[in-house]
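Undergrad: how would this look folded up:
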Amino acid sequence: MGGAVIHARDSAPATDLTAQKPPEIVQEIERVVSRAEERATLPLDLSRSDFERELSERYVGTHTLYRALSEQAQMEVYEHYQQDNRIESIRRVVAYAM
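TA: Have a look, this model is predicted:
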């Protein structure tokens, strides 16, 4: 039998699913999700040197590629970060600038 079978509980709203869990489990899930969301973005309003420090400490591979860019391209990446602080977006700009 090909294809996936979707169980009714798989399509239930998240609020229904969390209502079925003990409060301590819900808190742990929220903590983990929150940490993942924090990792997906850089703090807002960093100076350029702080932006570069964040890249070097949290995203070593991205920082390595960023450092290989010309000064102008690095500035463009930093200016992009000021508009969109998601690491996914920053990585895309770095890749296209290579």
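
Undergrad: now do the same contact list for residue 43.
TA: Contact analysis of residue 43 by C-beta atoms under 8 Å, 6 or more residues apart in numbering lists 54, 85. Heads up, the C-betas are built off the backbone N, CA and C, glycines and all.

Undergrad: what's the helix or strand for it?
TA: When elements are assigned from DSSP states H and E, residue 43 belongs to no helix and no strand.

Undergrad: quick check: domain ranges of the chain?
TA: 12-39, 48-97 (automatic domain parsing).

Undergrad: with mean neighbour count added, can I get these in CSV?
TA: Listed next are the domains of the chain as CSV, based on neighbours: other C-beta atoms under 10 Å:
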stretch, mean neighbour count
domain 12-39, 10
domain 48-97, 15
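
Undergrad: averaging pLDDT over each of the ones you listed, which comes out lowest?
TA: The minimum mean pLDDT among those belongs to domain 12-39 (a mean of 63).

Undergrad: what helices or strands is the helix or strand that residue 94 is a member of leaning on?
TA: Residue 94 is located in helix 87-97, with elements delineated by DSSP H and E. When contacts are defined as 3 or more C-beta pairs under 8 Å, 6 or more residues apart in numbering; DSSP states H and E, helix 87-97 packs onto helix 60-67, helix 71-83.
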